[in-house]
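K.L.:
I'll drop the sequence and a predicted model, then ask my questions.
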Amino acid sequence: MEYVTLGKIIDAFNLDGTLKIVSSTFYGEKRYKKGNTVDIVHPNGERETVTVEKYRHNKDIDFVKVLEINTKEEALERKGCFIEAIKDAKVLNKNDYYFSDLEKCDVYDSNGCRLGKVKKVEEFPSVNTLRVSRENKNDFFVPFIKEFIVSVDIENKRIVINVIEGML
């Protein structure tokens with residue numbers, strides 16, 4: 001089973017054990033829907049499945065109350081742990097992708113010429129960007145926006161891009 005990280009617990013928020021989480025998901029509202037389960041992953045790798053009771057978001061912080069944690073002390077015991085959920089494409093909006101699915105995709109230009117392979121998705125304040133590695137050449141960057149991305153085929157690990165002067 002494959003998991004995605006939703007955030008990292010940084011503190012307790014309330015006396016009732018609400019977890020204060022630095023968010024790393026755009027889909028908190030879907031992931032932390034009342035009744036959903038998520039895993040708390042401890043530094044030793046131990047997984048603890050918990051059930052969401054309440055959720056709210058403010059800036060880059062998620063506040064999540066789970067049924068299994070009911071005191072500030074219990075929440076503080078989980079400080080530094082990560083929150084993960086089962087990877088599920090149904091959570092994503094149309095034309096959204098998990099970064100891990102984009103990585104290792106082959107990148108082609110619109111003429112079908114292979115340019116390289118996605119090494120990493122870089123998160124910049126203005127736009128997510130594909131870092132594409134090439135054999136015996138420097139990496140190049142492709143902004144992940146419709147002006148540059150022609151098509152994405154996750155199943156076949158293939159991305160087609162529009163190349164502009166200076167990109168390569």
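P.N.:
Received, thanks.

K.L.:
how far away is residue 106 from residue 139?
P.N.:
Distance, residue 106 to residue 139, using Cβ to Cβ, to the nearest Å: 15 Å. C-beta coordinates here come from the backbone N, C-alpha and C atoms, glycine included.

K.L.:
Specify which residue of those two has the higher count of neighbours.
P.N.:
A direct count of neighbours by other Cβ atoms under 10 Å for residue 106 and residue 139 places residue 106 higher, at 16 against 12.

K.L.:
Local confidence estimate at that one?
P.N.:
Predicted confidence (pLDDT) for residue 106: 97.

K.L.:
bridging residues for it?
P.N.:
residue 117, residue 158 (DSSP bridges).

K.L.:
tell me the contacts of it?
P.N.:
With contacts defined as Cβ atoms under 8 Å, 6 or more residues apart in numbering, the neighbours of residue 106 are 114, 116-117, 157-159.

K.L.:
Make CSV from these and add neighbour count, pLDDT and distance to residue 13 to it.
P.N.:
CSV is the format used below for the contacts of residue 106 (neighbours: other Cβ atoms under 10 Å; pLDDT from 0 to 100; distance: Cβ to Cβ, whole Å):
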residue, neighbour count, pLDDT, distance to residue 13
114, 11, 96, 49
116, 20, 96, 44
117, 17, 97, 42
157, 15, 96, 41
158, 14, 97, 44
159, 25, 97, 40
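
K.L.:
From the chain's centroid, how far away is the helix or strand of the chain with the lowest mean pLDDT?
P.N.:
Within the chain, judged by mean pLDDT, DSSP states H and E, the helix or strand with the poorest mean is helix 99-102; its value is a mean of 90. Relative to its parent chain, helix 99-102 has a centroid offset of 9 Å by Cα atoms, centre = their mean, to the nearest Å.
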